[in-house]
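Colleague: sequence below, structure please.
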Amino acid sequence: MSQQATFRIIFAALFLILFGVVGTYRRKASAGRRIDYSDEGLLMLIALRLGGLFLWGFCFLYIIYPRPLGWSFIEVPYWLRWVGAAVVLVLIPFVVSAQQALGRNVSPTVITHEDHELITSGPYRWIRNPLYTAGGLIFTGLGLVAASWFLIGGAVLALVLVRLRLPKEEAQLEDRFGQEYRDYAGRTGRFLPSWSR
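Modeller: Have a look, this model is predicted:
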């Protein structure tokens, strides 16, 4: 078996596990709920949804039939591709832990639900947005495994968009939880743990 085929099999296994994990928790969280996109902003809504569609679609196409994606492939040392795979593998339990902590509080928008809770357990003990951090690292890792500048660039662009959207999301949480959220934000990092506090 060629190295390319090996990395494609590894990519498929990691991606499909993550797809199953994320899909399972999203379905549970949205069961019986109407999703309100009104505060998202049309431009941000389109950018995030289209960007997500391209990234997820690219991953499925890479697994099924990578030939049309040749324009996106770059030379990546084999050892770095293995590092990318290891990063994704290590982050799978982290994503599961964050999703379990969130429970029904998972939301695809900046809007908080009526029964929304402020989650401060699991990875949320240290980071306010662990799923955004994990998502950026996961798609970067998958980009290394696939040796694709498109996936790596997509991960960076997604983090930029999320960073632009975050003030609205945080304002919603502050409106909902007040001082409790401000205290929580003061002792946690936005994307990485805040060791200085």
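
Colleague: so which residues of this structure form helices?
Modeller: 3-30, 42-64, 78-102, 130-146, 149-177, 179-187 (DSSP state H).

Colleague: just those: most buried one?
Modeller: helix 130-146 (a mean of 24; mean count of other Cβ atoms under 10 Å). All C-beta atoms are positioned from the backbone trio N, CA, C, and that covers glycine.

Colleague: residue 183 versus the most centrally placed residue in the chain, what's the distance?
Modeller: Nearest to the mean C-alpha position of the chain, counting by Cα atoms, centre = their mean, stands residue 135 at 2.6 Å. Distance of residue 135 to residue 183, computed by Cβ to Cβ, to the nearest Å: 26 Å.

Colleague: excluding its backbone neighbours, what's nearest residue 41?
Modeller: Leaving aside its sequence neighbours, residue 41 sits nearest to residue 168 (Cβ to Cβ, 6 or more residues apart in numbering; 7.5 Å).

Colleague: retrieve the pLDDT associated with that neighbour.
Modeller: In this model, residue 168 is scored at 87, pLDDT.

Colleague: please apply the same query to residue 37.
Modeller: On the pLDDT scale, residue 37 gets 59.

Colleague: could you shift the numbering so residue one becomes 13, and keep it that way?
Modeller: Renumbered: residue one is now 13, and that last one reads residue 49.

Colleague: ok, now which ones touch the closest residue to residue 95 other than its chain neighbours?
Modeller: Among residues not flanking residue 95 along the chain, residue 156 sits closest, at 6.8 Å (Cβ to Cβ, 6+ apart). Residue 156 is in contact with 88, 92-93, 95-97, 99, 164, counting by Cβ atoms under 8 Å, 6 or more residues apart in numbering.

Colleague: let's go with 10 Å and repeat that
Modeller: Contacts for residue 156 (Cβ atoms under 10 Å, 6 or more residues apart in numbering) come out as 19, 23, 86, 88-89, 92-100, 163-164.

Colleague: on that earlier part again, make CSV out of the helices of the chain and add distance to residue 129.
Modeller: CSV is the format used below for those (distance: least, Cβ to Cβ, whole Å):
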stretch, distance to residue 129
helix 15-42, 12
helix 54-76, 24
helix 90-114, 9
helix 142-158, 16
helix 161-189, 9
helix 191-199, 11
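
Colleague: in contact with the nearest residue to residue 59 once chain neighbours are set aside, which residues?
Modeller: Distance criterion Cβ to Cβ, 6+ apart; nearest residue to residue 59, sequence neighbours excluded, is residue 173 at 5.6 Å. By Cβ under 10 Å, 6+ apart, residue 173 lies in contact with 56, 59-60, 63-64.
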